[in-house]
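Colleague: sequence first, predicted model second:
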Amino acid sequence: MSNSTLYSFGKLPTLSTIYWTADKLKQSWKWRDRSMEQVMQRFIDLNKKNLDYLGITAIIENSEGKPALKLTTSKYIGAIPIISPMNGKAVGDLVVAGRFGENVGELLTLLDSAIKPDYSDHFKLVLDTQMTPPIFIECCKYIDLYIEADRFKWRKFTNEVKEQHQPAGSTLWGDYALRIARNPLEFNNYKNKCNTLTLDHDEWNQLNYVLTLAIAELESVQVPIKTRSVYASRISQLKMKLRGNRCEETKEVRPKMSDPHIIKQLKYIANIILNNKTNEKLAWRMDYAEFFERYVQFLFDTVAKKKGARSINNPHYVIRMPNKPLWTLSYLEPDLILQKANEQYVIDAKYKSHVFNWNDESNELKDTFRHDFHQVLAYCSLNNSETKNAMLIYPYTDFFSKKMTVISPVTHSEVSVHIVGIPLDKNKIDNITNEISNLTTI
């Protein structure tokens with residue numbers, strides 16, 4: 001099966017169900033005289049771990065009297081390799097993307113370190129991907145391999161000039177003659193070139209230098225806390241070891257045919273780190289609901305700067321209760337609060353299709369919106385401002401806004417809730433932030 005054939009399946013959208021029909025699969029996998037159900041089941045068995053990584057469930061169902069492969073995607077976007085049921089080899093990649101055709105890679109550059117994809121070195125992609133793994137992954141591999149190579153005790157001969165009391169085949173006779181002419185008493189001192197087998201040689205010292213770069217990268221705030229904690233003890237031990245070793249700065253570590261295999265591997269990763277660019281094509285995933293939340297927070301941070309307001313991301317409203325049961329909540333957490341002086345907006349981001357289905361009256365939309373709506377009203381109840389404002393942010397092709405007003409028949413207090421649709425488009429950022437600014441009275 002060719003890569004182009006694989007891509008005929010297209011990108012699967014998140015939180016959706018897709019059917020791959022038997023006829024389509026039969027043409028793609030090019031099988032003959034085999035049971036369609038057996039091939040589909042083998043596909044599921046071979047790709048189970050890969051599919052699980054993206055939270056994709058795969059089952060066989062009947063569609064119009066024929067078996068079909070039913071794939072249900074989850075909250076994750078990402079890419080995994082696909083294994084052919086015909087030869088058991090990875091022959092292409094399966095991509096899960098946003099439901100509305102947005103360019104995730106482009107938007108991620110805006111969010112900086114607010115959210116990063118999760119990469120897995122258990123699955124290697126077949127095709128090139130825009131989502132290049134961060135260099136700290138290579139640094140992790142370098143440190144693990146360095147520790148192993150250090151146990152190998154890689155010695156090399158170095159040529160040193162030593163003063164000795166006996167001449168040798170490598171004696172520097174010209175130097176000897178000059179010294180004797182100046183001071184005949186030095187007749188018994190010979191400077192000989194000696195080959196010494198040592199651990200302290202230039203190539204290992206260059207690898208020590210790359211180790212310092214790897215350690216510095218893994219200790220940076222850009223690296224996930226979990227990774228930093230896993231490597232903390234190893235880094236501490238290596239720092240102690242480096243105190244007694246020399247480091248030789250270099251722009252390239254040159255591999256040699258005579259190098260032991262483990263040293264060749266170490267040099268290969270060292271050059272990747274020195275160039276700060278990895279060629280790895282690792283499977284990756286990202287929680288798309290969290291990505292949308294971070295994107296909305298980025299937009300409101302921009303609005304807050306324009307208006308001299310404060311944007312507070314994910315504040316915790318602590319819930320106190322004596323003898324609290326295990327099933328209760330510890331805190332409430334809106335996605336963000338926009339505040340200036342005594343005026344406040346509660347904002348919650350929902351990666352759902354409500355604005356796309358504005359005129360739909362399905363029970364599913366009603367139930368999910370009721371939950372979203374009650375949630376922001378609960379957050380507003382903790383706001384001591386006279387005017388209570390909230391926004392529910394959903395994805396949409398263009399900027400969209402409708403205002404709802406909730407009036408209490410008892411206290412006659414009001415809560416204004418804006419239902420806002422925003423495009424996930426880098427080119428429309430300025431327009432979105434201007435429109436949001438115009439919505440607020442801050």
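Modeller: Arrived safely.

Colleague: for R155, give me the pLDDT.
Modeller: Listed pLDDT for R155 reads 77.

Colleague: so what's it closest to, chain neighbours aside?
Modeller: Of all residues not flanking R155 in the chain, L197 sits nearest, at 4.9 Å (CB to CB, 6 or more residues apart in numbering). Backbone N, C-alpha and C define where each C-beta goes, glycine included.

Colleague: residues near the one you found, how many?
Modeller: Neighbourhood size, L197 [other CB atoms under 10 Å]: 9.

Colleague: host element of it?
Modeller: Counting by DSSP states H and E, the element that carries L197 is strand 190-198.

Colleague: same for the next helix or strand after that strand, what does it pack against?
Modeller: Counting by DSSP H and E, the element after strand 190-198 in chain order, helix or strand, is helix 202-218. With contacts taken as 3 or more CB pairs under 8 Å, 6 or more residues apart in numbering; DSSP states H and E, helix 202-218 sits against helix 135-152, strand 156-164, helix 225-242, helix 261-275.

Colleague: hey, least reliable of those by pLDDT?
Modeller: Among the helices and strands packed on helix 202-218, strand 156-164 scores lowest, with a mean of 69.

Colleague: name the residues that touch whatever helix or strand comes next after that one?
Modeller: Using DSSP H and E, the helix or strand that follows strand 156-164 towards the C-terminus is helix 173-182. Residues from elsewhere that reach helix 173-182, judged by CB atoms under 8 Å, 6 or more residues apart in numbering: E186, F187, N189, Y190, K191.

Colleague: show me which of the residues you listed are buried.
Modeller: Neighbour counting with 16 or more other CB atoms under 10 Å marks Y190, K191 as buried within the contacts of helix 173-182.

Colleague: right, and the pair among the contacts of helix 173-182 with maximum separation?
Modeller: F187 and K191 (13.0 Å; CB to CB).

Colleague: ok so, going back, would JSON lines of the helices and strands packed on helix 202-218 with mean neighbour count be doable?
Modeller: Below are these laid out as JSON lines (neighbours: other CB atoms under 10 Å):
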{"stretch": "helix 135-152", "mean neighbour count": "19"}
{"stretch": "strand 156-164", "mean neighbour count": "12"}
{"stretch": "helix 225-242", "mean neighbour count": "13"}
{"stretch": "helix 261-275", "mean neighbour count": "18"}
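
Colleague: redo the ones you listed as JSON lines? Include distance to T17.
Modeller: Converted to JSON lines, the helices and strands packed on helix 202-218 look like this (distance: least, CB to CB, whole Å):
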{"stretch": "helix 135-152", "distance to T17": "33"}
{"stretch": "strand 156-164", "distance to T17": "61"}
{"stretch": "helix 225-242", "distance to T17": "32"}
{"stretch": "helix 261-275", "distance to T17": "40"}
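
Colleague: circling back to that earlier point, ok, what's across the strand from the residue nearest to R155?
Modeller: With DSSP bridges as the criterion, L197 is bridged to F157.

Colleague: if we can go back for a sec, ok, which of the helices and strands packed on helix 202-218 comes nearest I312?
Modeller: helix 225-242 (21.4 Å).

Colleague: next, the angle from that closest one to helix 135-152.
Modeller: 40 degrees (axes from the mean of the first three to the mean of the last three CA atoms, to 10 degrees).

Colleague: for helix 225-242, name the packing helices and strands.
Modeller: helix 135-152, helix 202-218.

Colleague: closest one to P395 among those helices?
Modeller: With CB to CB, the closest approach to P395 among these belongs to helix 135-152: 30.2 Å.

Colleague: what's the closest one packed up against?
Modeller: Going by 3+ CB pairs under 8 Å, 6+ apart, helix 135-152 lies up against strand 118-124, helix 202-218, helix 225-242, helix 261-275.

Colleague: redo that, cut-off 6 Å
Modeller: With contacts taken as 3 or more CB pairs under 6 Å, 6 or more residues apart in numbering; DSSP states H and E, helix 135-152 sits against helix 202-218, helix 261-275.

Colleague: with only the CA atoms kept, save the shortest one in CSV.
Modeller: Below are the C-alpha coordinates for helix 261-275, written out as CSV (Å, rounded to 0.1, in the frame of the first residue of the first chain):
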residue,chain,number,x,y,z
HIS,A,261,29.2,1.3,18.0
ILE,A,262,28.0,3.0,21.1
ILE,A,263,30.3,6.0,20.5
LYS,A,264,29.0,6.3,16.9
GLN,A,265,25.4,6.4,18.3
LEU,A,266,26.4,9.0,20.9
LYS,A,267,28.2,11.2,18.3
TYR,A,268,25.1,11.0,16.0
ILE,A,269,22.8,12.4,18.7
ALA,A,270,25.5,14.9,19.7
ASN,A,271,25.5,16.4,16.3
ILE,A,272,21.7,16.6,16.4
ILE,A,273,21.9,18.6,19.6
LEU,A,274,24.7,20.8,18.3
ASN,A,275,22.6,21.6,15.2
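
Colleague: residues in contact with it?
Modeller: By CB atoms under 6 Å, 6 or more residues apart in numbering, the surrounding residues in contact with helix 261-275 are 138, 141-142, 145, 149, 152, 154, 210, 213-214, 253, 255, 278.

Colleague: many thanks, we can stop here.
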